[in-house]
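Colleague: Okay, here's the prediction I keep looking at, along with the sequence it came from:
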Amino acid sequence: MEQNTPSHMPPTGASAKSLEVFLEEYLVRKAPFALPAGIKEFIVKVAPYLAMLGIIFALPLILLALGFDNFMYTFGGVAYRAGWYYPTLILTAVIIVLEIMAIPGLLKRSLKSWRFVFYATLVQFVSNLLGGSIVGALVGGLISLYILFQVKSYYKS
């Protein structure tokens, strides 16, 4: 059954696929400008290495798992001190797993791996909101999704 949702409204089904279609419409087809092909190619080439870097930056999670709670209190920011520590910790673990799963396919330009990065970006958005960074979540999420959708065509099934 087809939904009768106006094209300017987000999809009513909460599926990632319908969100992907909606975002592609506004971040690619109706975007005020597109990234130049050379920049897109560069982003696609460095994406696997950026994912690896993201995993390295998750080192505080590894330290926490080993019992270094004081490290997290010092560097964990508002989320740790405000009590959102465990939910954001779990979401960070999900992001790490998604990025690890994405790396091999990003090297091969696999659409499946692009979707892992897409899911990681959505989880990061939620994590930022829970951590109290509403502006950071909105701005960072929008920029990340814009870049991600600009390069989507470089990944194949």
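Modeller: Right, received. Where do you want to start?

Colleague: Ala120 contacts Glu99, correct?
Modeller: Yes: if you go by CB atoms under 8 Å, Ala120 and Glu99 touch, sitting 5.6 Å apart. From N, CA and C alone the C-beta is placed, and that goes for glycine too.

Colleague: Is Val97 in a helix, a strand, or coil?
Modeller: Here Val97 is helix, with the state taken from DSSP: H, G, I helix; E, B strand; the rest coil.

Colleague: Run a quick neighbour tally on it.
Modeller: 14 (other CB atoms under 10 Å).

Colleague: Now do the same contact list for it.
Modeller: Val97 makes contact with no residue, according to CB atoms under 8 Å, 6 or more residues apart in numbering.

Colleague: how close does it sit to Ala47?
Modeller: Val97 is 17 Å from Ala47, where distance means CB to CB, to the nearest Å.

Colleague: in the one helix or strand Phe118 maps to, what counts as buried?
Modeller: According to DSSP states H and E, Phe118 maps onto helix 111-130. Neighbour-count burial for helix 111-130, counted by 16 or more other CB atoms under 10 Å, picks out 113-130.

Colleague: now do stretch 146-157
Modeller: By neighbour count on 16+ other CB under 10 Å, the buried set for stretch 146-157 is 147-152, 154-155.
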